[in-house]
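Participant: A structural model of the following input is requested.
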Amino acid sequence: MTKTRCGWANPSNPLYIAYHDEEWGVPCHDERRLFEMLNLEGAQAGLSWETVLNKRNNYRCAFDDWDAEKIAAYNESKVEALMQNAGIIRNRLKIQATISNAKAYLQLSEEWGGLDAYLWRYVDGHPIINHGERIVTSEISDQISKDLKKRGFKFVGSTIIYAYMQAIGMVSDHAVNCAWRKLTV
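Facilitator: Residues are numbered from 1 along each chain as shown. Modelled structure (predicted):
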């Protein structure tokens, strides 16, 4: 018997199914993955998540496995090389945003110890469980977005941050009929 998933999980894409079943809505405390997902959610702006997900491994290679120190040191020649990389989304503003985000992340890490401590304080360390309603922003995503922008992060609007919160399990928005909902509640 097939388990019911959230309607957005494309059943014909194994990457999408694995993402839904194993990652989305699962609380994440791994710094590198938190940094990766913040940048991938920003890369998604104006595109589908499936487009980004299909390029995720290429992003890992292109951006030094999301090593923020290495990314913060990228120069214009590295930006030009990334602009030629067909395996990622070749948008100059998004590439430059990733470099800015690496620099801002390093500063945030000095103050907070990393994204884990910084982000999870907004929800007192426990995921918010919603009841299947379609939400794209929240008061918390507004607050995080505003603060991250002040810190120099790019492509971190409230809608992007809300999607990020879902991706890293700060929010569980699995549909009420989704078999994975009970795993995150």
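
Participant: Now do stretch 139-150: everything it contacts.
Facilitator: With Cβ atoms under 8 Å, 6 or more residues apart in numbering as the test, stretch 139-150 has contacts from 104, 119, 122-123, 128, 156-162, 165. Any C-beta I mention is one placed from the backbone N, CA and C, and that applies to glycine too.

Participant: isn't residue 98 right next to residue 39, touching?
Facilitator: Yes. With contacts counted by Cβ atoms under 8 Å, residue 98 reaches residue 39, the gap being 5.0 Å.

Participant: any shared contact partners between the two?
Facilitator: residue 63.

Participant: From residue 176, how far off is the residue nearest to the spatial centre of the chain?
Facilitator: Nearest to the geometric centre of the chain sits residue 37, at 2.8 Å (Cα atoms, centre = their mean). Counting by Cβ to Cβ, to the nearest Å, the separation of residue 37 from residue 176 is 25 Å.

Participant: Name the residues of the lengthiest helix in the chain that are buried.
Facilitator: Secondary structure of the chain per DSSP state H: the longest helix is helix 92-112. In terms of neighbour count (16 or more other Cβ atoms under 10 Å), helix 92-112 has its buried residues at 94-105, 108-109.

Participant: what about it, average pLDDT?
Facilitator: Helix 92-112 shows a mean pLDDT of 98 in the predicted model.

Participant: immediately after it, which helix or strand?
Facilitator: Note on helix 92-112: by DSSP states H and E, the next helix or strand toward the C-terminus is helix 115-120.

Participant: Go ahead and measure how far the following helix or strand past that following helix is from the middle of the chain.
Facilitator: Per DSSP H and E, helix 115-120 leads on to strand 128-129 as the next helix or strand towards the C-terminus. The chain centroid and the centroid of strand 128-129 are separated by 18 Å, computed with Cα atoms, centre = their mean, to the nearest Å.

Participant: now the angle from the following helix or strand past strand 128-129 to helix 92-112?
Facilitator: Sequence order places helix 139-150 as the next helix or strand after strand 128-129, per DSSP H and E. Per axes from the mean of the first three to the mean of the last three Cα atoms, to 10 degrees, the angle that helix 139-150 makes with helix 92-112 is 100 degrees.

Participant: so where's this protein uncertain?
Facilitator: 1-2, 182-185 (pLDDT under 70).

Participant: cutoff 90 now
Facilitator: Along the chain, the parts satisfying pLDDT under 90 run over 1-11, 20, 129-135, 172-185.
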